[in-house]
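S.K.: Make a model of this:
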Amino acid sequence: MIKVKSRGNESLEQMLRRFKKMCEKEGLTKEIKRTSYYEKPSERRRRRARKSAKRDVRAGR
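M.R.: Coordinates of the predicted model:
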């Protein structure tokens with residue numbers, strides 16, 4: 001659960017900006033986007049394979 005408390009004379013826009021950054025940092029927005037639509041199991045496997053291949057390239061394997 002992400003909570004944002006006001007800091008002194010902080011405006012609502014600044015608090016909202018901080019909240020969005022915290023959500024992005026936690027990976028919450030990415031998770032919501034990913035689960036907002038149905039993904040077939042074959043597409044999920046393909047996405048995970050691409051992600052692991054990208055990780056292997058970065059590690060120099």
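S.K.: quick one, longest helix in this protein?
M.R.: When the chain is parsed with DSSP state H, its longest helix is helix 41-59.
S.K.: can you list contacts of that one?
M.R.: E39 (CB atoms under 8 Å, 6 or more residues apart in numbering). (C-beta placed from N, C-alpha, C; glycine too.)
S.K.: Can you give me the buried ones in it?
M.R.: Judged by neighbour count (16 or more other CB atoms under 10 Å), helix 41-59 contains no buried residues.
S.K.: Report the rounded mean pLDDT for that helix.
M.R.: Averaged over helix 41-59, pLDDT sits at 90.
S.K.: Are there helices or strands packed against the helix or strand containing K21, and which ones?
M.R.: Secondary structure assigned from DSSP states H and E places K21 in helix 12-26. With contacts taken as 3 or more CB pairs under 8 Å, 6 or more residues apart in numbering; DSSP states H and E, helix 12-26 sits against helix 28-35.
S.K.: The helix it packs on vs helix 41-59, what angle?
M.R.: Per axes from the mean of the first three to the mean of the last three CA atoms, to 10 degrees, the angle that helix 28-35 makes with helix 41-59 is 140 degrees.
S.K.: okay, the helix holding K21 in CSV with CA atoms only?
M.R.: What follows is helix 12-26, C-alpha atoms only, in CSV (Å, rounded to 0.1, in the frame of the first residue of the first chain):
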residue,chain,number,x,y,z
LEU,A,12,-1.8,18.6,-4.5
GLU,A,13,-0.1,18.4,-7.9
GLN,A,14,3.3,17.9,-6.3
MET,A,15,1.8,15.1,-4.1
LEU,A,16,0.2,13.5,-7.1
ARG,A,17,3.5,13.6,-9.0
ARG,A,18,5.3,12.0,-6.0
PHE,A,19,2.6,9.3,-5.8
LYS,A,20,3.0,8.5,-9.5
LYS,A,21,6.8,8.2,-9.1
MET,A,22,6.4,5.8,-6.2
CYS,A,23,3.9,3.7,-8.2
GLU,A,24,6.3,3.6,-11.1
LYS,A,25,9.2,2.7,-8.8
GLU,A,26,7.2,-0.2,-7.3
